[in-house]
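> quick one, structure for this:
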Amino acid sequence: MRLENKVVIITGAGSGIGKETALLFAKEGAKVVVADMNETAGEETVAQIKTNGEGFFFKLNVSNREQAKQMVKITLEKYGKIDVLINNAGIVQDAFLSKMTEEQWDKVIDVNLKGVFNCSQAVVEVMMNQGSGVIINTSSIVGLNGNVGQVNYAATKAGLIGMTKTLAKELGKRGIRVNAVAPGFIATPMTSNVPEKILEMMKEKTPLRRLGEPKDIANAYLYLASDEANFVNGAVLSVDGGLII
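Numbers count the residues shown, from 1 in each chain. Modelled structure (predicted):
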């Protein structure tokens, strides 16, 4: 197993990519902390993990610094270490710039950008004391190329690329690797409300002629979290079916 006895925190693990990742990591031997705002969804993920693995649920609003610290405290009390943090939680509040409200801007910044700062800062001292650790941030092709109606989301996902590269430089000497994954259009609850016409257009633009599946991103996370990626640091791995080439 590629993650045997590793302790992994995954935010937004109640559904979609986060849930798929939690189940895959547990199958690969990790002890998984399922962090999510949705208690029902998070507990369901844990129930599935416990059929052949180990983990627990922590109700987390990533924009709340004290909750992030408490999550780390409880994880250490239970498992004694933290090997991997996957900053997967994210939201959208789409609108054209001329119509976007301050609340829409602030909500996306608080979760997608500040949330990553909060969780990363909460685990970094633990990882520095260990002399090892992995942080994986979830960017997006929208952070690389932009997208109409998503100025707030694009700003956060581009910001995560800058954060990833900066932390890779800061923390590499302490044995901590920091990388990002930039998913393309993935079939998740986040894209379930996108009109079918738009989804078909995205499929046509993608050389592989399909939307990604949550497992496609989970497998990328697995590679970056594993010892197979021991010399990968500061990278942004695009998993988009070739959409941006």
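
> from start to finish, how long is stretch 2-13 in a straight line?
Chord length of stretch 2-13, first to last residue, is 20 Å (Cα to Cα, to the nearest Å).

> and it, how far out from the chain middle?
12 Å (Cα atoms, centre = their mean, to the nearest Å).

> quick one: average confidence on it?
Here stretch 2-13 scores 98 as its mean pLDDT.

> next: stretch 215-231.
Averaging pLDDT along stretch 215-231 yields 98.

> now do that stretch: distance to the chain's middle.
12 Å.

> and if you look at stretch 39-57?
With Cα atoms, centre = their mean, you get 18 Å for stretch 39-57.

> which residues in the protein form strands?
7-11, 31-36, 54-59, 84-87, 133-138, 176-183, 236-239 (DSSP state E).

> would you turn those into CSV with distance to T75?
All C-beta atoms are positioned from the backbone trio N, CA, C, and that covers glycine. Formatted as CSV, the strands of the chain follow (distance: least, Cβ to Cβ, whole Å):
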stretch, distance to T75
strand 7-11, 6
strand 31-36, 5
strand 54-59, 8
strand 84-87, 10
strand 133-138, 13
strand 176-183, 16
strand 236-239, 26
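
> dump these to JSON lines, plus mean neighbour count.
Shown next, in JSON lines, are these (neighbours: other Cβ atoms under 10 Å):
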{"stretch": "strand 7-11", "mean neighbour count": "27"}
{"stretch": "strand 31-36", "mean neighbour count": "28"}
{"stretch": "strand 54-59", "mean neighbour count": "20"}
{"stretch": "strand 84-87", "mean neighbour count": "28"}
{"stretch": "strand 133-138", "mean neighbour count": "25"}
{"stretch": "strand 176-183", "mean neighbour count": "25"}
{"stretch": "strand 236-239", "mean neighbour count": "18"}
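
> which residues sit in contact with the spatially most central residue of the chain?
Per Cα atoms, centre = their mean, the C-alpha nearest to the average position across the chain is that of N88, at 1.8 Å. Shown in contact with N88 (Cβ atoms under 8 Å, 6 or more residues apart in numbering): 10-13, 17-18, 21, 138, 221.

> so which of the strands of the chain is nearest D94?
Of all these, it is strand 176-183 that lies closest to D94, at 16.7 Å by Cβ to Cβ.

> other SSEs contacting the closest one?
Applying 3 or more Cβ pairs under 8 Å, 6 or more residues apart in numbering; DSSP states H and E, we find strand 176-183 packed against helix 115-130, strand 133-138, helix 141-145, helix 151-171, helix 214-225, strand 236-239.

> with respect to burial, which of those scores highest?
Comparing those by mean neighbour count (mean count of other Cβ atoms under 10 Å), strand 133-138 comes out on top with a mean of 25.

> quick check: mean pLDDT across it?
In this model, strand 133-138 has a mean pLDDT of 98.

> one more: stretch 81-95?
Stretch 81-95 carries an average pLDDT of 97.

> how about it as PDB, C-alpha atoms only?
Provided in PDB are the C-alpha atoms of stretch 81-95 (Å, rounded to 0.1, in the frame of the first residue of the first chain):
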ATOM      1  CA  LYS A  81       1.400  13.000  13.600                       C
ATOM      2  CA  ILE A  82       0.200  14.600  10.300                       C
ATOM      3  CA  ASP A  83       1.800  13.400   7.100                       C
ATOM      4  CA  VAL A  84      -0.400  15.000   4.400                       C
ATOM      5  CA  LEU A  85      -2.800  17.900   4.100                       C
ATOM      6  CA  ILE A  86      -4.900  18.200   1.000                       C
ATOM      7  CA  ASN A  87      -6.600  21.600   0.800                       C
ATOM      8  CA  ASN A  88      -9.400  20.400  -1.400                       C
ATOM      9  CA  ALA A  89     -12.400  22.500  -0.100                       C
ATOM     10  CA  GLY A  90     -13.700  25.100  -2.400                       C
ATOM     11  CA  ILE A  91     -16.800  27.000  -3.400                       C
ATOM     12  CA  VAL A  92     -18.100  29.100  -6.400                       C
ATOM     13  CA  GLN A  93     -20.200  32.200  -6.400                       C
ATOM     14  CA  ASP A  94     -20.300  33.100 -10.100                       C
ATOM     15  CA  ALA A  95     -21.200  36.400 -11.500                       C
END
